[in-house]
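Chemist: Structural data only, the sequence is not supplied:
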Ligand code: C5P
């Protein structure tokens, strides 16, 4: 989308991003967001792009780091950490993005895509990638319950953008979800999917970190 289109659509919008970085990295073995990729911490990659793409950024961090780094203290779950961030976003923000610190390679373009979708009228917008595996619902004793049609599925990423009042309303009664779109959908709002980016991979395992280090050296 050209600059003129973006600036015309965005007149009067105030865009803030919450970067959630308060996880303990239980699957990774340590807080993965503080590992280094090419001399910069995973979280710093994410925050740098968030700053380019928004008018303001709130970084949500573990208690022992928040004060030192000028962030806010996170909660016990991802959703609680988002709420800590929301409390620090100014009331005049009109669009709020939520981004996982664990995704260092989200592009400014991807932020623009989700933000523009909200400017164009959606309540929320999330990046999604086609699913290559067949996905099963599995019940008790590992018995398959059903198989959704793969053509109807996408794997979603962050950044996720929302109308500010919609996101605040969706979080009002302290719900839990693995992303924010879930909470917004559950309130009956309309969330649209934009094209995700395979490079915007979430750093979850040591292999993911090795991959990210290789990518950042330009070896892939
Ligand atoms: O655990 P998961 O990979 O879903 O975490 C996604 C993001 O949420 C990570 O960037 C993590 O640091 C953050 N998080 C958080 N507070 C928590 C749990 C996760 O900020 N209590």
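Modeler: Yes, it's here. Quick caveat: nothing in here was measured; it's all calculated off a predicted structure.
Chemist: near the ligand, which residues of this protein show up?
Modeler: Residues of the chain lying near the ligand by CB under 6 Å from any ligand atom: 20-23, 33, 60, 74-78, 81, 100-102, 178. C-beta here means a position set from N, CA and C on the backbone, and glycine is covered the same way.
Chemist: Can you say which of these are buried?
Modeler: Taking 16 or more other CB atoms under 10 Å as the criterion, what is buried in the residues of the chain next to the ligand is 20-23, 33, 60, 74-75, 78, 81, 100-102.
Chemist: Show me the shaky parts of this structure.
Modeler: In the predicted model of the chain, residues 1-8, 219-220 satisfy pLDDT under 70.
Chemist: change it to 90
Modeler: Residues of the chain that meet the criterion pLDDT under 90 lie in 1-11, 24-32, 217-220.
Chemist: Quick check, the residue in it closest to the ligand?
Modeler: residue 23 (2.9 Å; CB to the nearest ligand atom).
Chemist: and that residue, that's in a helix?
Modeler: No - Residue 23: not assigned to a helix; according to DSSP: H, G, I helix; E, B strand; the rest coil it is coil.
Chemist: and residue 153, what does it touch?
Modeler: 130-131, 135 (CB atoms under 8 Å, 6 or more residues apart in numbering).
Chemist: Okay, and which of those map to strands?
Modeler: residue 130 (DSSP state E).
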